[in-house]
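Peer 1: coords below, sequence missing:
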Ligand SMILES: NC(=O)C1=CN([C@@H]2O[C@H](COP(=O)(O)OP(=O)(O)OC[C@H]3O[C@@H](n4cnc5c(N)ncnc54)[C@H](OP(=O)(O)O)[C@@H]3O)[C@@H](O)[C@H]2O)C=CC1
Ligand SMILES: CC(=O)N[C@@H](CCC(=O)OP(=O)(O)O)C(=O)O
């Protein structure tokens with residue numbers, strides 16, 4: 001039987017999430033990786049991706065091509081899928097151009113994730129110019145929004161902290177187990193790859209330590225609130241390791257809720273979801289998820305107190321492998337295709 005082959009391109013392919021996407025797509029049995037793009041002025045244009053990422057030598061040797069806005073029609077000539085692994089402002093401008101070429105767009109940035117008046121002005125520093133597209137965009141939290149993902153051409157792939165947090169909290173909200181008028185408290189630590197590939201003082205080897213940042217102001221707090229349907233307290237931390245996010249989350253349960261009900265809520269949500277692993281009497285560790293597309297969840301209950309732990313690879317389940325899950329859903333492939 002002839003396989004259905006779709007053609008995909010990656011914009012922002014030289015970045016950390018872009019390179020991971022390329023590595024997944026070359027293994028995908030139904031998708032041809034048809035092009036890798038960077039900015040018109042990129043210092044890496046013309047180089048092979050494998051010249052930047054040695055582990056991709058002989059795996060992805062395609063060149064990084066400069067993408068100007070004027071090139072988009074030509075670039076999209078026979079392309080089905082565009083993945084944007086670009087900064088928020090860049091994605092904001094590119095999404096409408098690619099959608100106009102009838103491609104399905106999977107955007108890893110935050111540019112189309114949150115529908116709330118004034119949100120982009122306050123948290124991203126720009127005024128959103130495409131409210132109609134923002135309204136049409138589907139939030140690609142793959143284990144939850146799978147039906148909507150199947151029906152749209154604009155998927156806003158969730159943020160990394162948000163994926164870790166929502167995956168742990170949504171089953172509890174869904175089952176109505178969280179005490180009224182309380183806020184789950186999320187403390188999450190990310191590896192330095194969360195800041196992207198570009199050099200910056202804050203993420204340089206001698207500067208990175210273990211420190212909170214964005215206290216009460218991080219843009220993922222309103223993203224979590226909106227997609228959870230209740231407010232949280234969220235404190236991100238930057239850690240001195242390369243990859244992974246561990247979120248430790250405190251929740252107050254309604255009076256009388258039992259540990260068994262909590263276990264059941266997690267089972268109901270994820271028993272048939274192969275990329276969320278429920279830990280049995282033990283707790284997640286970054287070493288078990290880094291380099292994998294899994295989210296590992298563990299939890300413990302003590303009276304009305306619940307502590308939940310969620311671990312992901314920020315570049316994979318927190319970005320590129322979740323984008324591949326969304327592509328698989330959108331085009332009817334098995335959810336783990338090219339991921340496991
Ligand atoms: N890192 C992470 O853990 C996560 C990242 N994300 C989001 O994913 C997106 C990508 O992140 P990440 O991979 O870390 O970023 P990087 O900074 O590592 O990569 C950004 C890429 O975009 C390219 N680029 C910049 N400007 C343009 C342009 N105008 N046109 C085309 N390409 C351009 C860069 O190449 P060049 O500058 O050479 O052109 C580079 O390839 C961001 O929106 C980020 O917020 C989401 C979840 C997790
Ligand atoms: C460690 C670190 O700096 N992490 C980034 C989040 C990663 C990211 O870029 O994700 P989004 O696209 O979801 O914003 C930050 O705190 O802004």
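Peer 2: All right, it came through fine. In this text the structure is predicted, and so the values were computed from the model without any measurement. Numbers count the residues shown, from 1 in each chain. Ligands and ions are numbered 1, 2, ... in the order given.
Peer 1: remind me which residues of the stretch 1-150 of the chain are low pLDDT?
Peer 2: Confidence mapping of the stretch 1-150 of the chain against pLDDT under 70 gives the ranges 1-3.
Peer 1: again, only this time at 90
Peer 2: In the predicted model, the stretch 1-150 of the chain carries pLDDT under 90 at residues 1-4, 68-71, 117.
Peer 1: so where do the helices sit in it?
Peer 2: All helices of the stretch 1-150 of the chain, identified by DSSP state H, counting those that start in this stretch, fall at 16-25, 49-52, 72-75, 88-99, 119-123, 131-136, 146-149.
Peer 1: The longest one and ligand 1 in contact?
Peer 2: This means helix 88-99. Yes: contact of helix 88-99 with ligand 1 (C-beta under 6 Å from any ligand atom) involves 88, 90. Placement of C-beta: from N, CA and C, glycine included.
Peer 1: Report the distance from that helix to the chain centre.
Peer 2: The chain centre lies 17 Å from the centre of helix 88-99; the measure is C-alpha atoms, centre = their mean, to the nearest Å.
Peer 1: list the buried ones in it?
Peer 2: 88, 90-92, 94-95, 97-99 (16 or more other C-beta atoms under 10 Å).
Peer 1: out of the helices of the stretch 1-150 of the chain, nearest to residue 226?
Peer 2: Between residue 226 and the helices of the stretch 1-150 of the chain, the shortest separation by C-beta to C-beta is 8.5 Å, and it involves helix 119-123.
Peer 1: and whichever residue of the chain sits closest to ligand 2, what does it touch?
Peer 2: Proximity of the chain to ligand 2 (C-beta to the nearest ligand atom) peaks at residue 159, 2.3 Å away. Contacts for residue 159 (C-beta atoms under 8 Å, 6 or more residues apart in numbering) come out as 110, 113, 219-220, 223, 318.
Peer 1: For residue 13, state which of these is nearest.
Peer 2: Comparing the contacts of residue 159 against residue 13 with C-beta to C-beta places residue 318 closest, at 18.1 Å.
Peer 1: Would you quantify the distance from the closest residue to the closest one other than its chain neighbours to residue 299?
Peer 2: In this structure, residue 318 finds its nearest non-sequential neighbour in residue 160, 2.9 Å apart by C-beta to C-beta, 6 or more residues apart in numbering. Separation of residue 160 from residue 299 (C-beta to C-beta, to the nearest Å): 20 Å.
Peer 1: Now do the buried residues in stretch 61-76.
Peer 2: The neighbour-count check on stretch 61-76 (16+ other C-beta under 10 Å) flags 62-65, 67, 72, 75-76 as buried.
Peer 1: Quick check: residue 30 touching residue 331?
Peer 2: Yes: Residue 30 is within contact range of residue 331, at 7.1 Å (criterion: C-beta atoms under 8 Å).
Peer 1: list residues touching both of those two?
Peer 2: residue 6.
Peer 1: Pull the contacting residues for the residue of the chain positioned farthest from its centre.
Peer 2: In the chain, residue 256 marks the outermost C-alpha relative to the chain mean, sitting 34.9 Å out by C-alpha atoms, centre = their mean. By C-beta under 8 Å, 6+ apart, residue 256 lies in contact with nothing.
Peer 1: Kindly recompute the last result at 10 Å.
Peer 2: residue 304 (C-beta atoms under 10 Å, 6 or more residues apart in numbering).
Peer 1: so how far is residue 308 from it?
Peer 2: 19 Å.
Peer 1: before we move on, what about residue 97?
Peer 2: In this view, residue 97 and residue 308 are 40 Å apart by C-beta to C-beta.
Peer 1: quick one: average pLDDT of stretch 277-288?
Peer 2: Per-residue pLDDT values across stretch 277-288 average out to 95.
Peer 1: Surely residue 73 is in contact with residue 97?
Peer 2: Yes: contact between residue 73 and residue 97 holds when scored by C-beta atoms under 10 Å: they sit 8.8 Å apart.
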